[in-house]
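A.B. asks: Give the three-dimensional model of this entry:
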Amino acid sequence: MSNGNKKIPVKFAGSTGILKTNSDSQFKPSELHFNIPTTEQIQKSYKTRYNQRMAILKHLKRYGSISTLQARQAGIMSPASRIKELREAGHIIKTVQDFESMNGMATYYLIKLAEPKQNKVKP
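C.D. replies: Numbers count the residues shown, from 1 in each chain. The predicted structure is shown next:
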C-alpha cells in the first residue's frame, strides 16, 4: 500500500472484517481485545436489575416514596433507570425534584401499581 496504511484481517463472532491502521502506529494485532459479555454475565445483569426493581417496588409499597439518595444507599446506583423500567411495566410513579434543599435530587412516589397480567384460559 502506498499510503503507509496496514490492513489487518480480524475475525470476531463469526464475522470477518478489516482493521485499518497507520503503519507508524504502535498497534499490534495481539493487543486487539473485544470486551463482549458472556451469556452468564448478561443473565446476572438482568437478575441484578430485576432485584433492584423489586427492592424499589417493595420500598415504594411500604413507604410510598423513595429518593435517589435512599436508593443509592441501598446499592442501586441508577435508580432513574429502574424507575423507568417499572413505569414501562405499567406502574404509575410520579417524580418530584427538589432544587432547594436537595440540589435537584429526585424523589419517586408510587401512585398506582400495575394491573396484574391475566392469564387467558381457552375454553
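
A.B. asks: can you pull out the helices in this structure?
C.D. replies: 39-63, 68-73, 79-88 (DSSP state H).

A.B. asks: I'd like those as TSV, with distance to F99, mean neighbour count and mean pLDDT appended.
C.D. replies: For the C-beta atoms, the positions are set from N, CA and C on the backbone; glycine is no exception. As requested, the helices of the chain are arranged in TSV below (distance: least, CB to CB, whole Å; neighbours: other CB atoms under 10 Å; pLDDT from 0 to 100):
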stretch	distance to F99	mean neighbour count	mean pLDDT
helix 39-63	22	13	87
helix 68-73	13	16	92
helix 79-88	16	16	96
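
A.B. asks: out of these, nearest to P116?
C.D. replies: For those, the distance to P116 is smallest for helix 39-63, at 13.4 Å, taking CB to CB.

A.B. asks: what packs against the closest one?
C.D. replies: Packing contacts for helix 39-63, counted by 3 or more CB pairs under 8 Å, 6 or more residues apart in numbering; DSSP states H and E, involve strand 65-67, helix 68-73, helix 79-88, strand 105-112.

A.B. asks: That one to strand 105-112, inter-axis angle?
C.D. replies: The directions of helix 39-63 and strand 105-112 differ by 80 degrees, with axes from the mean of the first three to the mean of the last three CA atoms, to 10 degrees as the criterion.

A.B. asks: Show me the contact partners of helix 39-63.
C.D. replies: Where contact means CB atoms under 8 Å, 6 or more residues apart in numbering, the residues beyond helix 39-63 that reach it are 37, 66, 70-71, 74-76, 79, 82-83, 85-86, 89, 91, 93, 108-110, 113.

A.B. asks: swap in stretch 68-81?
C.D. replies: Contacts to stretch 68-81, defined as CB under 8 Å, 6+ apart, come from residues Q52, A55, I56, H59, I66, R82, M102, M105, A106, T107, Y108.
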